[in-house]
Each structure stands twice: as C-alpha cells, then as structure tokens.
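Novice: Sequence first, predicted model second:
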Amino acid sequence: MNNPSLYRLADSTAVEALVDHWVAWPHTFSPVPYSLHMLNYQKKTLASYLQNPEIHVKSSANPKLLGGPFVNIPVHRSGEVAQLLSRIENEHSPELQLAQDLTDFQNLLDNEALGQSLEPYYEKLPESLKGRVELLYDYNSRPIVRCIESLFYQSPHYKKHLQSLRLFSQTHDRARPYYMSTPRLPEQDTVEWNIPFAKAEIDELFKLDSQAQPLGFIRELLGLDAADDGKLMTLLTEQAPKPSQAWLGEGVRIRYLGHASVLVEHKGIAILIDPFIPVQPSQGGISRY
C-alpha cells in the first residue's frame, strides 16, 4: 500500500480569528468592550458605508487613509453589509442595550456622585448591569462603574458560538483589508471554520505549520469534505519547512521577518523583537532577509 501524501500549512496561509465576522482583538473579544465597540464603532461604521459605499472603497485604497473608519468591501456586496448591520441590530440587541446602559449609568454617576456613599445607586442599576458591576470612587474621587469581567464571561453576552477562524492564502502584504473597520465576508477561496477559541482542535491546526498530516486528517479537523479540496489545497503544501540554523558566525546577524519583527542573533543567542510574524505572501511583498 502506498503511503498517503502528507501536507502542512503553506507559508502563505493566513489564519484570522473572528468574532461574528470581525477580526478578534481586545475590543471584540471581552463582552463589555465588545458591546461598547459594537455600539460606538461597528454599527456606525457599517451605517456610514451603506450611505456611500463608493467613498468607503475609494478611501480604503488611499494609503494616507489607512487605519481610518472605512469599510473595504466592494460596492456590489453592499447588500451583505446591510444584512450584517441588520443582524447586529437584532441579534445583538442585548449587547447594544448593555453598552447604552453602562454609558448612561456612568454619566448618571458623573453628574450626581460627589463623594457620598454609592450604596443607594445599586438599586438604580439596570438589569443588564445588576450583579455584575461594582460602584466605587477612584484615587481622584471620580465615580466608576467597575465591570467584573469574569461575571460577564458567564453571562449570555459572551457568545462563543460566534467565534471562528478564517483560513486563506495571502497574495501580498497589503492584501488584507484593515482589520478594525472591515468585517470579513465569506469568499469562495477561503475556509470558514466555526469553532470556539478554547477548543483543543485549534492546537492541532497550528501544529500543521511544521507537522505534516494526510489530507483526510486535515479535512476531518476542519469539518470539510472532498468537495472542498479545491480551496483547501491552496492552503497546503507537501514541501518540508526550510530548516533554520543558529547563527554562529562573527558579529551580529539581524534578520527582518516581516511586519515589525526583527530577529537578532549573536553566538547562538537569538532575540526576537515584536514576535508578530506574518505569513510569506504567495506573490511576494516586502523583502524578508
């Protein structure tokens, strides 16, 4: 019997962690910051896009405006953006209410709390905050609504079923739309893997960086079937990873690995600065060395 071919993740394969189609980062992961971010940024940014999709796409293409609140989604897909906004307003109405309640109650304390006991204000807390916050004064005698994060993680506001990973082949360094302002819509050549971030299967995925596995194993891991092989194979390679050897030569060797990552080596000692190592784009990009 022939041994099956073994595959690992290609060097150009990128993986984005998503929370309800938005890239996961501190503002979209923890329930309270996510609720505030949804109300004050995501919702407003999508509404702005729908008012004038063309200007958003044009602005996204301007390097001087990189990082601005512009949605980089083609105009012909604006209907999908409208559906996403509608879903935010409906399915996330409890989170939007939480954000508004927190903002309003903080404003109430700012206007009324002048150093007196905050105990009576517990009775005035809205339902979304009751049992999950502490009222106190900070070192400058300013009133604060302190959200107890662990309790919100135990609440319905933490929706693990909306967590996922998006796998795709990155063609060049600037191929990805800006992560804060642009939600990720499904594409024909991407693999959308709905999985909570705490699942051990994610560890198995990233082992594929260096430990090749049969195609069937990878299919089963990602919940795919043979019909998905067309897009799956663009993410894989049979080539072994390039071996890395410690620098033992004279002086210091400095290597640029992409993004802001620099590897400094001297006499067998290696220091990695800013360990956010990007993928190697399939069609080239900023030179690595």
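Specialist: Nice, I can see it.

Novice: make it CA atoms for all contacts and neighbour counts henceforth
Specialist: Will do.

Novice: burial count for Pro143?
Specialist: Neighbours of Pro143 under the rule other C-alpha atoms under 10 Å: 22.

Novice: Excluding residues flanking it in the chain, which one is nearest it?
Specialist: Spatial nearest neighbour of Pro143, chain neighbours left out: Tyr137 (4.4 Å); criterion: C-alpha to C-alpha, 6 or more residues apart in numbering.

Novice: Now for that neighbour, how many residues are close by?
Specialist: Count around Tyr137 with other C-alpha under 10 Å applied: 17.

Novice: Equivalent analysis for Asn62, please.
Specialist: Asn62 - counted by other C-alpha under 10 Å - has 9 other residues nearby.

Novice: Next: the one 5 residues further on.
Specialist: The burial count assigned to Gly67 is 13, neighbours taken as other C-alpha under 10 Å.

Novice: pLDDT weak spots in this protein?
Specialist: 1-2, 289 (pLDDT under 70).

Novice: Show me the longest helix that occurs in it.
Specialist: Identified as the longest helix of the chain according to DSSP state H is helix 93-112.

Novice: Tell me the strands beside the very next helix or strand once past that helix, with direction?
Specialist: Moving toward the C-terminus from helix 93-112, the next helix or strand (DSSP states H and E) is strand 133-137. Under the criterion DSSP bridges, strand 133-137 sits next to strand 143-147 (antiparallel) in its sheet.

Novice: Any buried residues in the strand it pairs with, and which?
Specialist: Buried residues in strand 143-147, counting neighbours by 16 or more other C-alpha atoms under 10 Å, are found at 143-145, 147.

Novice: With stretch 29-42 instead?
Specialist: By neighbour count on 16+ other C-alpha under 10 Å, the buried set for stretch 29-42 is 29-32, 34-39, 41-42.

Novice: Redo the residues you listed as JSON lines? Include secondary structure and distance to Gln100.
Specialist: Shown next, in JSON lines, are these (DSSP: H, G, I helix; E, B strand; the rest coil; distance: C-alpha to C-alpha, whole Å):
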{"residue": "Phe29", "secondary structure": "helix", "distance to Gln100": "18"}
{"residue": "Ser30", "secondary structure": "coil", "distance to Gln100": "16"}
{"residue": "Pro31", "secondary structure": "helix", "distance to Gln100": "14"}
{"residue": "Val32", "secondary structure": "helix", "distance to Gln100": "11"}
{"residue": "Tyr34", "secondary structure": "helix", "distance to Gln100": "12"}
{"residue": "Ser35", "secondary structure": "helix", "distance to Gln100": "9"}
{"residue": "Leu36", "secondary structure": "helix", "distance to Gln100": "8"}
{"residue": "His37", "secondary structure": "helix", "distance to Gln100": "11"}
{"residue": "Met38", "secondary structure": "helix", "distance to Gln100": "11"}
{"residue": "Leu39", "secondary structure": "helix", "distance to Gln100": "8"}
{"residue": "Tyr41", "secondary structure": "helix", "distance to Gln100": "13"}
{"residue": "Gln42", "secondary structure": "helix", "distance to Gln100": "14"}
